[in-house]
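Engineer: The sequence and its predicted three-dimensional model are supplied below.
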Amino acid sequence: MHSTPGPALGAFLRSRRARLDPHECGLPAPAAARKAAGLRREEVARLAALSVGHYTRLEQGRVRASAAALAGLVRALRLDEDETRHLYELAGRDDTRAPRRRSVRPVRPALDRLLAHLAHAPAMVLGPRLDILAWNAAASALYTDFAALPAARRNYALLLFTDPVVRELHTRWRHDARDAVDALRGEAAAHPDDPALARLVGELSVRDRDFRTWWAGHRAAVAPYGTKHLRHRLIGDLTLDCDTWDAPDGSGQRLLVLTAAPGTPSHDALRILTSWNAPQPDTGRTENPAR
């Protein structure tokens, strides 16, 4: 049985949030002048993807910090290596090592070839954090020009919440966005010490109110198949079957493919769209860095 930390952890957290500037952390300007320097408790909680109540209890020494909470606090408070080590010590964790970066495994050549052969079916390879690691020409034609995006911004959840074109493409955006949140939550449960995932969740928590609300909730696991309802700016409404398959190599990567039944308006529209965007030999595989 682990005891809760003493007052030293709270003092450390308060001292670190007091030195931060809200504007430099990407937070909106306050409506009124602040009485004290630094970040408020609710702002630290938002950046760390924690509830205000849970962060308050951490500062008060009433609860023991989880690995996920510590990873979020490291990012939110912008701690350096020595400060991170000290935070873990104050939190009283058995494993006092700071979270380690998870390497991103390259997409298998067989998946690359499969993407190239799916000429009329938009397809992508997603990493565990929903990073878009590879795609075919049909996916670029449907969603956006992935190659024009910085590698660090090629993330399905990030685009759903922050890219106006991708957001407007989804006519049932709330349903699809909540599925993305649930997928990230499942990944966070499996890998609570992943700092790249903590950064992604923190950014989305700051930038989108819906994400903050849904992240704090709980839903069932995401099904590996379903239906996407889209409205493309050039070809109109689409109803597509969405199927995902886990890669057999244990990498956590998934192949996502969108198709339409032959003879349907959506099938014909997809063929028109993809005919305007001939598949390229390079499917867009990228050594996407750990975010």
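Structural biologist: Yep, that arrived.
Engineer: Okay, now the unreliable bits of the stretch 101-250 of the chain?
Structural biologist: Applying pLDDT under 70 to the stretch 101-250 of the chain flags the ranges 101-104, 218-221.
Engineer: Which residue ranges of the chain form helices?
Structural biologist: Counting by DSSP state H, the chain has helices at residues 7-18, 41-47, 52-59, 67-76, 81-91, 109-117, 137-142, 156-162, 164-169, 173-190, 195-207, 209-215, 265-275.
Engineer: Can I get those in CSV including distance to Arg34?
Structural biologist: (Each C-beta comes from the backbone N, C-alpha and C, glycine too.) Shown next, in CSV, are the helices of the chain (distance: least, CB to CB, whole Å):
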stretch, distance to Arg34
helix 7-18, 11
helix 41-47, 11
helix 52-59, 17
helix 67-76, 18
helix 81-91, 23
helix 109-117, 51
helix 137-142, 45
helix 156-162, 27
helix 164-169, 32
helix 173-190, 31
helix 195-207, 18
helix 209-215, 22
helix 265-275, 51
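Engineer: for these, which one sits closest to Thr239?
Structural biologist: Closest to Thr239 of the helices of the chain, according to CB to CB: helix 265-275, at 5.1 Å.
Engineer: okay, the closest one in CSV with CA atoms only?
Structural biologist: Output of helix 265-275 as CSV, limited to C-alpha atoms (Å, rounded to 0.1, in the frame of the first residue of the first chain):
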residue,chain,number,x,y,z
PRO,A,265,-23.7,6.9,-55.6
SER,A,266,-20.8,6.9,-53.1
HIS,A,267,-19.0,4.2,-55.1
ASP,A,268,-19.3,6.2,-58.3
ALA,A,269,-18.3,9.5,-56.6
LEU,A,270,-15.2,7.9,-55.1
ARG,A,271,-14.1,6.6,-58.5
ILE,A,272,-14.6,10.1,-60.0
LEU,A,273,-12.6,11.7,-57.2
THR,A,274,-9.7,9.2,-57.4
SER,A,275,-9.6,9.5,-61.2
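Engineer: one step back: of the helices of the chain, which approaches Gly252 most closely?
Structural biologist: helix 173-190 (8.0 Å).
Engineer: what helices or strands is that closest one leaning on?
Structural biologist: On a contact count with 3 or more CB pairs under 8 Å, 6 or more residues apart in numbering; DSSP states H and E, helix 173-190 meets helix 156-162, helix 195-207, helix 209-215.
Engineer: re earlier: columns mean neighbour count on top of the helices of the chain, output as JSON lines?
Structural biologist: What follows is these, written out as JSON lines (neighbours: other CB atoms under 10 Å):
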{"stretch": "helix 7-18", "mean neighbour count": "16"}
{"stretch": "helix 41-47", "mean neighbour count": "21"}
{"stretch": "helix 52-59", "mean neighbour count": "18"}
{"stretch": "helix 67-76", "mean neighbour count": "24"}
{"stretch": "helix 81-91", "mean neighbour count": "16"}
{"stretch": "helix 109-117", "mean neighbour count": "16"}
{"stretch": "helix 137-142", "mean neighbour count": "23"}
{"stretch": "helix 156-162", "mean neighbour count": "21"}
{"stretch": "helix 164-169", "mean neighbour count": "14"}
{"stretch": "helix 173-190", "mean neighbour count": "17"}
{"stretch": "helix 195-207", "mean neighbour count": "22"}
{"stretch": "helix 209-215", "mean neighbour count": "16"}
{"stretch": "helix 265-275", "mean neighbour count": "17"}
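Engineer: between the ones you listed, which one is nearest to Leu149?
Structural biologist: helix 156-162 (8.3 Å).
Engineer: surely Gly38 meets Arg17?
Structural biologist: Yes: using CB atoms under 8 Å, Gly38 is in contact with Arg17, at 5.1 Å.
Engineer: quick one: Cys242 and Leu255 touch, right?
Structural biologist: No: look at Cys242 against Leu255 with CB under 8 Å: they stay out of range, at 11.4 Å.
Engineer: sorry, back to before: and the helices and strands packed on helix 173-190 as a markdown table, adding distance to Arg62?
Structural biologist: Listed next are those as a markdown table, based on distance: least, CB to CB, whole Å:
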| stretch | distance to Arg62 |
| --- | --- |
| helix 156-162 | 32 |
| helix 195-207 | 22 |
| helix 209-215 | 22 |
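Engineer: do you know which of those lies nearest Ala11?
Structural biologist: Evaluated over the helices and strands packed on helix 173-190, closeness to Ala11 peaks at helix 195-207, with 23.1 Å, by CB to CB.
Engineer: Let me know the angle separating that closest one from helix 81-91.
Structural biologist: If you take axes from the mean of the first three to the mean of the last three CA atoms, to 10 degrees, helix 195-207 sits at 90 degrees to helix 81-91.
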